[in-house]
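Chemist: no sequence on this one, just coordinates:
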Ligand SMILES: N[C@@H](CCC(=O)N[C@@H](CSCO)C(=O)NCC(=O)O)C(=O)O
Ligand SMILES: [Zn+2]
Ligand SMILES: [Zn+2]
């Protein structure tokens with residue numbers, strides 16, 4: 001049986017979250033002119049995501065992705081290297097055109113997540129960022145190439161890490177989306 005690589009920040013156990021983390025700088029993988037993005041404050045709702053849209057390190061089946069308010073996220077260096085991956089997507093993922101790392105993903109459209117930017121906190125130069133709390137879009141990992149037969153083991157390993165696996169978002173976020181939908185009916 002081949003063991004699926006979940007993600008480098010998951011496979012060897014989660015690092016501690018620092019309650020005093022005040023923010024930091026995300027850096028892409030380029031050695032030449034890396035893109036840097038400043039984030040003020042701690043990230044929220046960090047999760048492992050199995051969807052095909054989120055950026056993953058080479059060989060990883062999951063991304064690690066969190067949110068911060070758009071106004072707390074600023075591109076500070078080499079932003080000319082960024083391009084939007086898919087203009088039609090809800091999350092406007094800005095990727096480094098040299099190394100491919102997604103550096104920020106604002107949601108500006110009318111949506112429950114409007115005003116949030118999706119970030120990959122493992123790209124922080126600093127330690128202490130909020131660790132993932134659940135696993136989302138787990139079944140979508142099959143779309144990304146994980147063998148269906150491996151999914152029982154994948155879900156079991158996620159649970160062992162304390163990351164309850166869901167095939168969409170977690171119940172708190174799904175309830176939030178549904179509540180917003182009711183309140184915003186035309
Ligand atoms: N099966 C699809 C799912 C893609 C998807 O819906 N992804 C979610 C989660 S991304 C981070 O939590 C989403 O909200 N996407 C919005 C967007 O991508 O703009 C697949 O795997 O492709
Ligand atoms: Zn880069
Ligand atoms: Zn995703």
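Modeler: That came through, no problem. Since the model is a prediction, treat every value here as computed from it, not as a measurement. Ligands and ions are numbered 1, 2, ... in the order given.
Chemist: Provide a list of residues in contact with residue 131.
Modeler: By C-beta atoms under 8 Å, 6 or more residues apart in numbering, residue 131 lies in contact with 14, 15, 16, 17, 46. The way it works is simple: take the backbone N, C-alpha and C, and place the C-beta from them, glycine included.
Chemist: Which strand residues bridge the nearest residue to the last one once chain neighbours are set aside?
Modeler: Computed as C-beta to C-beta, 6 or more residues apart in numbering, the closest residue to residue 46 that is not its neighbour in sequence is residue 66, at 3.6 Å. Beta-bridge partners for residue 66, by DSSP bridges, are residue 119.
Chemist: how many other residues sit next to residue 66?
Modeler: Neighbour count for residue 66, taken as other C-beta atoms under 10 Å: 24.
Chemist: My guess is it contacts residue 123. True?
Modeler: No - checked against C-beta atoms under 8 Å, the pair residue 66 and residue 123 is beyond contact range at 10.9 Å.
Chemist: residues contacting the spatially most central residue of the chain?
Modeler: By C-alpha atoms, centre = their mean, the chain has its centre lying nearest to residue 65, at 1.4 Å. Residues near residue 65 by C-beta under 8 Å, 6+ apart: 46, 47, 49, 54, 118, 119, 120.
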